[in-house]
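Engineer: What follows is a predicted protein model with its sequence.
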Amino acid sequence: MKKALICLLSMVFVLAMGGMVLAAVSGPCVNCHTMHNSQSGAEVNALGPFGALVNNTCLGCHTTTGSDPLAGGFPYVKGNGFSDTICLAGGFFPYTGDDGADNAGQAHSLDSTATPPGYNSDWYDGTNNGLSCAGVNGCHGSQTVADEMGAVKGGHHSPTVYRILWNYNGGTPVGITGVGASDYEEALNLNTTAPAPGYTRTDATYAHNVYIAGTSNDTISKLCANCHGDFHGAGTGSGSPWQRHPTDVALPTSWDPADDAISSNADCKYNPFGFASGATNTAGSKYATCLSCHRAHGTASYDILRFGYNTVLGDGSTGQSAGSGNMYGCLGCHSKQR
Amino acid sequence: MAWKHRSMALIRPTALLSIFLFSIFHLFIFLTPALAKVTGECVNCHTMHNSQGGTAMPGVGNITETGPFDALTRGTCVGCHSNTVSATIKTLGSSNIPVVFNTVPPAAGTELAGGNFYWAVNSGESYGHNVLTIPGIVQDSQLSEAPGIPSPASGNSTCSGCHSKINDCTSCHNPYHHGEDDRPIVGVRDQNVGNAHKAVYYRFLANGSSQHSKGGVIGIEDSDWERTKSSSDHNEYKGGILTSSGGHDADNSMSDYCAGCHQKFHDTLFVGTSSPWLRHPNNYALPTDINKEYRFYNTQDGTTIGPYSNEAPVARPVLTGYTGPSSTVTPGTDQVFCLSCHRPHGTPYKDILRWAYDPDDGGLIIAGTTGAGARTGCFICHTSKDGV
């Protein structure tokens, strides 16, 4: 069987299923799979064999030595030269030096055995095994399954949930819903820059995700709360004045964005709103979600934020300043503080 | 015995001519059986002194070789079972001989079940087993031992002593041509009665080594070695069990026999015990789960299971009760096994596969395809991975 360290797919096609747009892989099976982890008398991958007969690890496949996060239609989460402009919706891991350290708070620390901040559950086993991509030690797939490949089973060829993400939900996983941008927001990130104060918000023109929020169990914030439970629900308080930043809560109707029927490119990149379960576009009531401020994998800003926030830490950003007139980031929602 | 009756559909004789031809046809069949246990005139295959008319007997094979040969035969294995023309069954006197090595491309669509060494000689070492007595085959340039042989680190350091190369056909076959084969299921005779080495197994697949006293393979042999084949005309292979004793399970299955050399591809320690598998499972039943794709094995319409596929055959864990080939495949019972994907002698495809897997090899196995590769090869079992 062909030896391959990095999977390359010829294209990714999209299945439309009841309003959810899910990407199923396509391309020669040999690009990703090896039947026996053996070719010409040698192992295809010395780290293998891997479950589901794949020829590499998750990161092994989803890492590129190039700079295109969607080369050949294949989504990469780690690459040479990735940045807040050159990355996909989930963000990016550091190309070098991601060895379980804190990554300066700019990315989820793969292999770290640290307890997730705000963790208040009992399923996570990464404190023993290290944070990984999927399963009981990670984010993707079913968090009731120990094997990573087993956890994401079905997610590549027959996807039924958003980005192979599930809410642990007390051991009875509930699939996360949402709409995934066909290009994983590559064009949005590449072509949208932080707007100047007072910019005119227009309808989004680049493909973008639609995140689900609210009280149902399928919201993207419920996924984050699997590890960061104190930062969601009761841990944030029951209303203003909040004790932690609320998520899965609708913006007050008196706020500018709540009244605004427009979600601009800048919103989708710097402060994406969530929408009620079942939404397929960015119309309707706007909610705060975890991803309104953060990306999942990593960014160039501390605390994996979509924008610079804490200039004291010296992340090189101008931060978010009350009275600055900015209409993105924190001030994308907090219109009274602009 | 179950004889194969050839079609006479193209002939429209008078009634008398029909009877005459019908009789001649059956006479031919009875004289030229296509069975494991050979029949026919002894002179077809044997010479007592390797001498005739003052000179050595000419070989009957289609390769250059000089006797005398073991068992007073008129040629080696390869000598008899080779052909310089494309026919994959040849005649020696009244005996039909299955050809496993054609020196020209085998006639399309007539290759026998085990495949053909033509490809190993002409396409490269990845296209067949490197049997060193086949003219044109040399020791594999990249393999110093059988793929899947456990490494010394796993406590099996002695395997390579025997399994480093395939010296000749007897590396896999124990060719007792005149043994009793108890058809239709060949190989079920109690091998512990009398001289076990005289027993006949399916396609003579029995080990003659004292290292592995587990007998051989059981199966039902297609009467023309699948030169002609259909969903109801084919070999029946025996399946078995998948354990941590790969290659030594004594379940008389085809896969366990392959595992005699390729143990890591058949042992739960290396393959896994369930999904997600570490290596492709074999001797494992097609799942019946309604959420899985395998219940639509070889589907022709996308909604119902199809018949037995000669392209991706299944094995039967139990052959008792079978009187011949069946076109029915039963998920939950019938199994994927080594020969679901491979042939043992040689094929036109790398890794001795039954189809091209790699696009570099002309492969059409592309996830999501709606083209010519749909419902072929891997997709015969993995029915949801193509695009139809």
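Structural biologist: Sure, I can see it. Small disclaimer: the values here were computed from a predicted structure and weren't measured.
Engineer: Identify each buried residue in the host helix or strand of residue A:257, please.
Structural biologist: Using DSSP states H and E, residue A:257 sits in helix A:256-259. By neighbour count with 16 or more other C-beta atoms under 10 Å in any protein chain shown, helix A:256-259 contains the buried residues A:256-258. In this view, the C-beta of every residue, glycine as well, is placed from N, C-alpha and C.
Engineer: Now it: average pLDDT?
Structural biologist: For helix A:256-259, mean pLDDT rounds to 88.
Engineer: Next up, the contacts around residue A:119.
Structural biologist: When contacts are counted by C-beta atoms under 8 Å, 6 or more residues apart in numbering or on different chains, residue A:119 is found next to A:227-230.
Engineer: Next: residue A:293.
Structural biologist: A:245, A:271, A:305-307, A:329-330.
Engineer: hmm, which of these are the buried ones?
Structural biologist: Burial by neighbour count, judged by 16+ other C-beta under 10 Å, picks out A:271, A:305-307, A:329-330 from the contacts of residue A:293.
Engineer: Give me the subset of those residues lying in helices.
Structural biologist: Judged by DSSP state H, helices contain the following of those: residue A:330.
Engineer: and which of the buried ones among the contacts of residue A:293 is nearest to residue B:291?
Structural biologist: Comparing the buried ones among the contacts of residue A:293 against residue B:291 with C-beta to C-beta places residue A:306 closest, at 37.5 Å.
Engineer: Spatially nearest residue to the closest one (excluding sequence neighbours)?
Structural biologist: In space, and not counting its chain neighbours, residue A:306 is closest to residue A:270: 5.2 Å by C-beta to C-beta, 6 or more residues apart in numbering or on different chains.
Engineer: picking up where we left off before, I'd like the contacts of residue A:293 as a markdown table, with distance to residue B:150 and pLDDT appended.
Structural biologist: Output for those, formatted as a markdown table (distance: C-beta to C-beta, whole Å; pLDDT from 0 to 100):
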| residue | distance to residue B:150 | pLDDT |
| --- | --- | --- |
| A:245 | 56 | 93 |
| A:271 | 57 | 95 |
| A:305 | 51 | 92 |
| A:306 | 51 | 94 |
| A:307 | 55 | 91 |
| A:329 | 58 | 91 |
| A:330 | 60 | 92 |
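Engineer: Chain B: which of those residues is nearest?
Structural biologist: residue A:306 (33.0 Å; C-beta to the nearest C-beta).
Engineer: The closest one touches residue A:294, doesn't it?
Structural biologist: Yes: using C-beta atoms under 8 Å, residue A:306 is in contact with residue A:294, at 6.7 Å.
Engineer: ok so, going back, starting at the chain centroid, how far to the helix holding residue A:257?
Structural biologist: Relative to the centre of its chain, helix A:256-259 is centred 25 Å away, using C-alpha atoms, centre = their mean, to the nearest Å.
Engineer: what does stretch B:283-298 give?
Structural biologist: 24 Å.
Engineer: what residues does chain A put near chain B?
Structural biologist: A:1-2, A:10, A:13, A:24-30, A:35-38, A:40-42, A:48-53, A:147, A:149-150, A:153, A:157-158 (C-beta under 8 Å from any C-beta of the partner chain).
Engineer: Separate out the buried members of these.
Structural biologist: A:1-2, A:24-30, A:35-38, A:48-53, A:147, A:149-150, A:153, A:157.
Engineer: Which ones among these lie within strands?
Structural biologist: A:24-25, A:27-28 (DSSP state E).
Engineer: from the buried ones among the contacts of residue A:293, which is closest to residue B:334?
Structural biologist: Closest to residue B:334, out of all of those and judged by C-beta to C-beta, is residue A:306, at 53.4 Å.
Engineer: and that closest one, backbone torsions?
Structural biologist: Main-chain torsions, residue A:306, degrees, to the nearest 10: phi -80, psi -10.
Engineer: ok, then the element right after the least confident helix or strand in chain B by mean pLDDT?
Structural biologist: Every helix and strand in chain B was compared by mean pLDDT, DSSP states H and E; the lowest is helix B:15-31, with a mean of 44. Note on helix B:15-31: by DSSP H and E, the next helix or strand toward the C-terminus is helix B:77-80.
Engineer: what's that following helix packed up against?
Structural biologist: The criterion is 3 or more C-beta pairs under 8 Å, 6 or more residues apart in numbering or on different chains; DSSP states H and E, and there are no helices or strands that helix B:77-80 contacts.
Engineer: Identify the residues contacting the residue lying closest to residue B:268 once chain neighbours are set aside.
Structural biologist: Nearest non-adjacent residue to residue B:268, counting by C-beta to C-beta, 6+ apart: residue B:244, 4.9 Å away. Residue B:244 is in contact with B:267-269, counting by C-beta under 8 Å, 6+ apart.
Engineer: all strands of the stretch 151-300 of chain A, in order?
Structural biologist: With DSSP state E, counting those that start in this stretch, the ranges of strands along the stretch 151-300 of chain A come out as A:166-167, A:174-175, A:178-179, A:210-213, A:249-250, A:274-276, A:287-288.
Engineer: Can you say which of these is packed in most?
Structural biologist: Of all these, strand A:210-213 has the most neighbours on average by mean count of other C-beta atoms under 10 Å in any protein chain shown, namely a mean of 27.
Engineer: who touches the helix holding residue A:257?
Structural biologist: Contacts for helix A:256-259 (C-beta under 8 Å, 6+ apart): A:250-253, A:267, A:273, A:285-286, A:332-333, A:335.
Engineer: Swap in 6 Å and give it another go.
Structural biologist: Residues from elsewhere that reach helix A:256-259 (C-beta atoms under 6 Å, 6 or more residues apart in numbering or on different chains): A:251, A:286, A:333, A:335.
Engineer: Quick check: of those residues, which lies closest to chain B?
Structural biologist: Lowest distance from chain B to these (C-beta to the nearest C-beta) belongs to residue A:286, with 35.8 Å.
Engineer: Report the buried residues of the helix or strand encompassing residue A:60.
Structural biologist: Assigned by DSSP H and E, residue A:60 belongs to helix A:58-61. For helix A:58-61, burial by neighbour count (16+ other C-beta under 10 Å) applies to A:58, A:60-61.
Engineer: Tabulate those (a markdown table), appending distance to residue B:91 and pLDDT.
Structural biologist: Listed next are the buried residues of helix A:58-61 as a markdown table, based on distance: C-beta to C-beta, whole Å; pLDDT from 0 to 100:
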| residue | distance to residue B:91 | pLDDT |
| --- | --- | --- |
| A:58 | 58 | 95 |
| A:60 | 55 | 94 |
| A:61 | 54 | 95 |
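Engineer: Low-confidence stretches in the stretch 151-300 of chain A?
Structural biologist: Under the criterion pLDDT under 70, no range of the stretch 151-300 of chain A is flagged.
Engineer: could you pull out the helices for it?
Structural biologist: A:186-191, A:220-225, A:256-259, A:265-270 (DSSP state H, counting those that start in this stretch).
Engineer: about what we covered before: just among the contacts of residue A:119, which is most surrounded?
Structural biologist: residue A:227 (23 neighbours; other C-beta atoms under 10 Å in any protein chain shown).
Engineer: wait, residue A:192 sits on residue A:270?
Structural biologist: No: if you go by C-beta atoms under 6 Å, residue A:192 and residue A:270 don't touch, sitting 8.1 Å apart.
Engineer: out of these two, which sits in the more crowded spot?
Structural biologist: Taking other C-beta under 10 Å, residue A:192 and residue A:270 do not tie; residue A:270 has more neighbours (25 against 22).
Engineer: Got the phi and psi for the residue of the stretch 151-300 of chain B found nearest chain A?
Structural biologist: Relative to chain A, the nearest point of the stretch 151-300 of chain B is residue B:276 (3.1 Å; C-beta to the nearest C-beta). The phi/psi pair for residue B:276 (degrees, to the nearest 10) reads phi -80, psi 120.
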